[in-house]
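Visitor: pasting a predicted model and its sequence here:
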Amino acid sequence: MNKLFNNTEVAFALKSDSQLERAYFLFRMIKNEPLVKIGTAVTKFALKTSLPVEGLIRSTVFDHFCGGVTEEDCMPNIDKMYGKNVHSVLDYSVEGKEEDAQFDHVMKTTLNIINFVQEKDAIPFAVFKPTGFGRLALYQKISEKKELTQSEKEEWDRVVARYEAVASASYEKGIPLLIDAEESWMQTAADDLIEQLMEKYNKEKVIVFGTLQLYRHDRLDYLKELHERAKKKGYKIGMKLVRGAYMEKERERAEELNYQDPICKDKASTDENFDTVMKYMFSNLEDMAIFNGTHNEESSYMFMDLIENSKYLKTDPRLWFGQLYGMSDHISYNLANAGYNVTKYLPFGPVKDVMPYLIRRAEENTSVAGQTNRELELITAEKKRRKL
Ligand SMILES: Cc1cc2nc3c(=O)[nH]c(=O)nc-3n(C[C@H](O)[C@H](O)[C@H](O)COP(=O)(O)OP(=O)(O)OC[C@H]3O[C@@H](n4cnc5c(N)ncnc54)[C@H](O)[C@@H]3O)c2cc1C
């Protein structure tokens, strides 16, 4: 069994003793489900009523999971990580705002990032999420094939124009663009739009990447159908592979509205689905590019083995590993140290506005107890090694 990820000296090389202690403290807190529930409620209340908690959030959970408030703030972190061969993706993580002005602001920020990263090898991708560019309810209405009103049609045209502006800038500057995936009931509209962009911009190589959430049992079939269409029309497919972050919400909605649950029946089926799609894409690499977004050690070792036993180089630009900043450094830094393409999603934005992102991370680490235990086990090993 491969032990690459157990090297804690490499994994935590960038963490000072006090940062390591903070990480230990944070994961201990996050592991405790009632505490996360209470902490989340108190934080929401405190921010709403303008209680002075920003400083506390900033020096604890924010600094652990985010790069800074602005792109410039993130640069010292980005440079340090790049010194260890770990790349970054600047992820403007402001969520939950639903006005046109905000969507335009997110688009402009994404365009600025594309300009900003042009000359920076440390930042090989740009990224945005569909609901950063348009209202969830509008994506949903289109996904459900419902008739739009005249003003909704105009609103949708503006969403399409935002995608187009960002994709064409990515194409011109040669910066691949990752587009996240969200709730299944709005995703079809985003997927269709992303497919059109792939057709337009992925003729020679992959610029536009969609995302496959492999907790959804329909995604392999979707990918195979997309592959057929891409072959016919002569373009390449870029996909970020993830398991999916909205499982509880998905299951609850399916039960409430009495339709078939779109999520695999259990964790083992999701894992199998993930690995099957990874292998399918890898065996069709001439038509595809893979961004493997996971903290799962088995899936990461499997991807490593696929590359190792193939004709492709570890540094092939179609093969990427990705983790979130503040999580699974043992995977990212050991892979980068071994010469693979690795990038961290580095969230940034005003403290108050990235709270939904931070709360999702806290809740995810609570529900994925195994992963938090693993983080704690590795931090403990490193503390011992450093004799802290
Ligand atoms: C770089 C990067 C980008 C990401 N982008 C997105 C994105 O665009 N959209 C998005 O939704 N998420 C995204 N995520 C989050 C991701 O979907 C997962 O929530 C997270 O990474 C945990 O999954 P895992 O593969 O790392 O690990 P694991 O810990 O092995 O898997 C946990 C995941 O397995 C699934 N699962 C758990 N229990 C069950 C069960 N009982 N039945 C079925 N499935 C189960 C869930 O998806 C859960 O999140 C991203 C993650 C990374 C690292």
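Guide: Arrived safely. Numbering: from 1, shown residues only.

Visitor: contacts for the helix or strand of the chain with the lowest mean pLDDT next, please.
Guide: Across the helices and strands of the chain, mean confidence by mean pLDDT, DSSP states H and E is lowest for helix 33-48: a mean of 74. Outside helix 33-48, the residues that touch it by Cβ atoms under 8 Å, 6 or more residues apart in numbering are 29, 30, 51, 53, 54, 57, 352, 355, 359, 362, 363, 366. Glycine gets a C-beta too; all of them are placed from N, C-alpha and C.

Visitor: give me the distance from it to the chain's centre.
Guide: Distance of helix 33-48 from the chain centroid (Cα atoms, centre = their mean, to the nearest Å) equals 24 Å.

Visitor: may I see the buried residues of it?
Guide: 36, 39, 40, 43, 47 (16 or more other Cβ atoms under 10 Å).

Visitor: next one: stretch 101-115
Guide: By 16+ other Cβ under 10 Å, the buried positions in stretch 101-115 come out as 103, 106, 107, 109, 110, 111, 113, 114.

Visitor: now do stretch 208-219
Guide: 208, 209, 210, 211, 212, 213, 214, 215, 216, 217, 219.

Visitor: stretch 169-176 now?
Guide: 169, 170, 171, 175, 176.

Visitor: dump the residues you listed to TSV, plus distance to the ligand and pLDDT.
Guide: Putting those into TSV (distance: Cβ to the nearest ligand atom, whole Å; pLDDT from 0 to 100) gives the following:
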residue	distance to the ligand	pLDDT
169	20	98
170	17	98
171	21	98
175	17	97
176	14	98
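
Visitor: still on that earlier bit, check which element follows the least confident helix or strand of the chain along the chain.
Guide: Following helix 33-48 in sequence order, the next helix or strand is helix 54-57 (DSSP states H and E).

Visitor: chain center to that following helix: distance?
Guide: 24 Å.

Visitor: again with stretch 92-112
Guide: With Cα atoms, centre = their mean, you get 17 Å for stretch 92-112.

Visitor: do the same with stretch 26-44
Guide: With Cα atoms, centre = their mean, you get 22 Å for stretch 26-44.

Visitor: just stretch 205-224 next, same as before
Guide: So, by Cα atoms, centre = their mean, the centroid of stretch 205-224 is 14 Å from its chain's centroid.

Visitor: with stretch 183-193 instead?
Guide: 16 Å.

Visitor: now stretch 75-93
Guide: 15 Å.

Visitor: in stretch 316-324, what's buried?
Guide: Across stretch 316-324, burial judged by 16+ other Cβ under 10 Å covers 316, 318, 319, 320, 321, 322, 323, 324.

Visitor: in strands only, show me those.
Guide: 319, 320, 321, 322, 323, 324 (DSSP state E).

Visitor: what's near enough to touch the third one?
Guide: Counting by Cβ under 8 Å, 6+ apart, residue 321 touches 292, 294, 300, 303, 331, 332, 335, 340, 341, 342, 343.

Visitor: out of those, which touch the ligand?
Guide: Among the contacts of residue 321, the residues that sit close to the ligand (Cβ under 6 Å from any ligand atom) are residue 294.

Visitor: tell me the helix or strand right after the longest helix along the chain.
Guide: Secondary structure of the chain per DSSP state H: the longest helix is helix 150-173. Beyond helix 150-173 in the direction of the C-terminus, DSSP H and E gives the next helix or strand as strand 177-179.

Visitor: parallel or antiparallel, list what pairs with that next one.
Guide: strand 126-128 (parallel), strand 208-213 (parallel) (DSSP bridges).

Visitor: can you say which of the contacts of helix 33-48 are buried?
Guide: Looks like those have 29, 30, 53, 57, 355, 359, 362, 363, 366 buried, using 16+ other Cβ under 10 Å.

Visitor: and these, which is closest to residue 259?
Guide: Ranked by distance to residue 259 (Cβ to Cβ), these are led by residue 363 at 24.5 Å.

Visitor: quick revisit: and the longest helix of the chain, what other elements does it pack with?
Guide: Helix 150-173 is packed against helix 100-117, strand 126-128, helix 130-133, helix 136-143, strand 177-179, helix 184-201, with contacts defined by 3 or more Cβ pairs under 8 Å, 6 or more residues apart in numbering; DSSP states H and E.

Visitor: one more time with 6 Å, if that's ok
Guide: helix 100-117, helix 184-201 (3 or more Cβ pairs under 6 Å, 6 or more residues apart in numbering; DSSP states H and E).

Visitor: so which of the contacts of residue 321 belong to helices?
Guide: Those of the contacts of residue 321 lying in helices (DSSP H): 300, 303, 331, 332, 335.

Visitor: ok, which pair from those residues is furthest apart?
Guide: Longest span within those, Cβ to Cβ: 303 and 332, 13.1 Å.

Visitor: what about those two, which has more around it?
Guide: Using other Cβ atoms under 10 Å as the criterion, residue 303 and residue 332 rank with residue 332 on top: 29 against 24.

Visitor: dump the residue contacts of that one.
Guide: 86, 323, 342, 344 (Cβ atoms under 6 Å, 6 or more residues apart in numbering).

Visitor: residues near the nearest residue to the first one once chain neighbours are set aside, how many?
Guide: To tie it back to what came earlier, the one meant is residue 86. The shortest distance from residue 86 to any non-neighbouring residue, by Cβ to Cβ, 6 or more residues apart in numbering, is to residue 336 (4.6 Å). Number of residues near residue 336 (other Cβ under 10 Å) recorded here: 21.

Visitor: isn't residue 336 right next to residue 342, touching?
Guide: Yes - between residue 336 and residue 342 a contact is recorded at 4.4 Å, counting by Cβ atoms under 6 Å.
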